[in-house]
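J.: let me see the structure of the following:
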Amino acid sequence: MADQVKLFGMWASPYSRRVELALKLKGIPYEYIEEDLSNKSCLLLKYNPVHQKIPVLVHNGKPVAESLVILEYIDETWTNNPVLPQDPYDRAMARFWAKFIDEKILITTRKVSLASGKEQEQAIEEITEQLKLLENELKGKEYFSGHNIGFLDIVANFLVFWFGNVQEVLGIDMFSEEKFPVIFEWIQKLVKIDVVNECRIPKEKHLDYIRTRVEAFKSSTK
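T.: As a prediction, this is how the structure comes out:
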């Protein structure tokens with residue numbers, strides 16, 4: 001019997017988009033179920049009762065939650081086109097930097113989005129230093145994973161489309177080719193890959209979504 005793969009996601013989520021990219025890179029057919037996070041479905045709550053969040057991958061009826069966990073599950077289950085390095089040390093480093101992206105860069109991006117004044121300035125300084133560290137990891141490489149797109153490239157893919165949209169809405173200049181030439185060279189390579197473009201977030205729709213979210217937060221704090 002053919003594998004049944006379903007992905008519960010949300011179109012604007014970088015966590016959801018990274019799972020889609022991994023599935024496409026592996027050539028895995030899947031059914032995508034869009035979730036309304038303001039009115040979560042019974043199936044999402046059933047498959048992820050602990051965190052009640054997307055993304056959730058359901059493989060032959062068995063759910064796997066949390067995007068980094070899902071990426072590793074996909075790589076171990078479908079062994080063609082491996083995305084994690086084969087060398088144990090390289091694999092450990094890929095996991096380390098993936099956690100750095102999720103626990104530092106994406107968290108600080110949220111701080112930048114929701115803060116103002118001096119607090120926002122401090123958050124911008126913080127994320128600039130974090131991006132410099134990430135760029136140092138990329139120097140001298142074609143991709144984070146070496147000669148081919150891999151695990152860390154998938155995790156860092158939010159920089160390709162998502163991050164710039166956030167910056168545009170906020171009207172700030174924290175991420176540019178002048179500041180991060182190595183990352184921008186990497187971005188130019190990624191956008192030439194068909195499956196990466198298939199996971200592109202619709203720009204205007206995303207800009208409207210970010211504006212709505214930022215305005216709603218500001219209204220709630222008045």
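
J.: quick one: distance of the lowest-mean-pLDDT helix or strand in the chain to the chain centre.
T.: Of all helical and strand segments in the chain, the minimum by mean pLDDT, DSSP states H and E falls on helix 203-220, at a mean of 90. Relative to its parent chain, helix 203-220 has a centroid offset of 19 Å by Cα atoms, centre = their mean, to the nearest Å.

J.: what residues sit buried inside it?
T.: In terms of neighbour count (16 or more other Cβ atoms under 10 Å), helix 203-220 has its buried residues at His206, Tyr209, Ile210. For the C-beta atoms, the positions are set from N, CA and C on the backbone; glycine is no exception.

J.: low pLDDT regions in this structure?
T.: The chain contains residues with pLDDT under 70 at 1, 222.

J.: quick one: the helices in the protein?
T.: 14-26, 42-47, 67-77, 88-100, 106-114, 117-138, 151-155, 162-170, 181-190, 194-198, 203-220 (DSSP state H).

J.: which residues touch the least confident helix or strand of the chain?
T.: Trp11, Ala12, Ser113, Leu114, Phe161, Trp162, Asn165, Val166, Glu168, Val169, Leu170 (Cβ atoms under 8 Å, 6 or more residues apart in numbering).

J.: OK, contacts around the fourth one?
T.: Taking Cβ under 8 Å, 6+ apart as the definition of contact, the neighbours of Leu114 are Val214, Phe217.

J.: circling back: could I get the helices of the chain in JSON lines, plus columns for distance to Pro55?
T.: What follows is those, written out as JSON lines (distance: least, Cβ to Cβ, whole Å):
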{"stretch": "helix 14-26", "distance to Pro55": "4"}
{"stretch": "helix 42-47", "distance to Pro55": "10"}
{"stretch": "helix 67-77", "distance to Pro55": "6"}
{"stretch": "helix 88-100", "distance to Pro55": "15"}
{"stretch": "helix 106-114", "distance to Pro55": "14"}
{"stretch": "helix 117-138", "distance to Pro55": "22"}
{"stretch": "helix 151-155", "distance to Pro55": "13"}
{"stretch": "helix 162-170", "distance to Pro55": "14"}
{"stretch": "helix 181-190", "distance to Pro55": "20"}
{"stretch": "helix 194-198", "distance to Pro55": "16"}
{"stretch": "helix 203-220", "distance to Pro55": "17"}
